[in-house]
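Undergrad: need the 3D shape of this:
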Amino acid sequence: MARKKVTPRPNLPQEALDRARREASGEIQAPLPIRSAVAHPGVVTAVKKTTVEDLAHEYGYVANDLRNMAILAAVLFAGLILISFIL
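TA: Residues are numbered from 1 along each chain as shown. Okay, here's the model as predicted:
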């Protein structure tokens, strides 16, 4: 059974392909990317300083979970060593 020849076609609309070809040939200039600082120079946003106490309060459960996982891993590792001596 003969294989059908597949020609690679991008999954883009035709107008996007035409615009990309015009940009590549130099007919039109590619648009510059918009950055938020340049687009809104008069807007000032408040930056909140994050302290260690805030992080400890918000993510305190992570330390507890890590401690519990370490205890579980130590118990399982000790169990494997004990089983290796028995068997």
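Undergrad: okay, and the helix or strand of this protein with the least pLDDT?
TA: Using mean pLDDT, DSSP states H and E, helix 36-39 stands out as the lowest-scoring helix or strand of the chain, at a mean of 52.
Undergrad: after that helix, heading C-terminal, what element do we hit next?
TA: helix 52-58 (DSSP states H and E).
Undergrad: just checking, what packs against that following helix?
TA: If you count contacts as 3 or more CB pairs under 8 Å, 6 or more residues apart in numbering; DSSP states H and E, helix 52-58 packs onto no helix or strand. C-beta here means a position set from N, CA and C on the backbone, and glycine is covered the same way.
Undergrad: so for it, what's the average pLDDT?
TA: Average pLDDT, helix 52-58: 85.
Undergrad: start from the N-terminal end of the protein and give the strands.
TA: With DSSP state E, there are no strands along the chain.
Undergrad: next, count neighbours for Glu15.
TA: 8 (other CB atoms under 10 Å).
Undergrad: ok, it to Lys5 distance?
TA: Taking CB to CB, to the nearest Å as the measure, Glu15 falls 27 Å from Lys5.
Undergrad: Ala74 now?
TA: 61 Å.
Undergrad: these two - which one has more neighbours?
TA: Neighbours of Ala74 and Lys5, each counted by other CB under 10 Å, are more numerous for Ala74; the result is 10 against 5.
Undergrad: which residues of the chain fall in helices?
TA: Along the chain, the stretches classed as helices by DSSP state H are 14-25, 36-39, 52-58, 60-86.
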